[in-house]
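[1] Here is the input, now give the coordinates:
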Amino acid sequence: MKKVKITVMKTAQYTDLIEKYENPITHTCDMKEGQVFIANGWNRPYGFCQSAWDSMSAFVMTLAHGGENLYNGWMKNKKSAMISCNDRFRPVSFLIETLDIHAE
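    Next up is the predicted model:
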């Protein structure tokens, strides 16, 4: 099984939707653009958002086990995927890429 690099590519915040639909919350997303995490297969990286992990863990696992060319050529790099978390008020886009390093 290979390690998978997860890079925070883009963050957004839709204040109009937040103001109209969301109840006030005290803690929101901590992800910062350019932040990098390394996944060892099915293990969520330390400090990585659980909700974001739930959105991408199947893709991470597929890539970690050698899967590639997801959705028949969707990505230019066949050993990668672009995945967003499921927070529709503060979406974060992640690039996940297979590394040529095996997980321990």
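[2] Listing partners with orientation, what would you give for the helix or strand encompassing Ile101?
    Here Ile101 sits within strand 92-102, counting by DSSP states H and E. Using DSSP bridges, strand 92-102 pairs in its sheet with strand 2-11 (antiparallel), strand 80-84 (antiparallel).
[3] Leaving aside the residues adjacent along the chain, what's closest to Leu17?
    Leaving aside its sequence neighbours, Leu17 sits nearest to Phe89 (Cβ to Cβ, 6 or more residues apart in numbering; 5.6 Å). C-betas here are computed from N, CA, C, even on glycine.
[4] What does the pLDDT read for the residue lying farthest from the centre of the chain?
    Distance to the chain centre peaks in the chain at Lys20, reaching 26.7 Å (criterion: Cα atoms, centre = their mean). The score at Lys20 is 96. That number is its pLDDT.
[5] Are we agreed that it is in a helix?
    Yes - membership of Lys20 in a helix is supported by DSSP: H, G, I helix; E, B strand; the rest coil.
[6] so where's this structure shaky on pLDDT?
    By pLDDT under 70, the weakly predicted segments of the chain are 103-104.
[7] rerun that using 90 as the cut-off
    1, 24-30, 41-43, 73, 100-104 (pLDDT under 90).
[8] Distance of the residue farthest from the centre of the chain relative to Leu70?
    Lys20 is 35 Å from Leu70, where distance means Cβ to Cβ, to the nearest Å.
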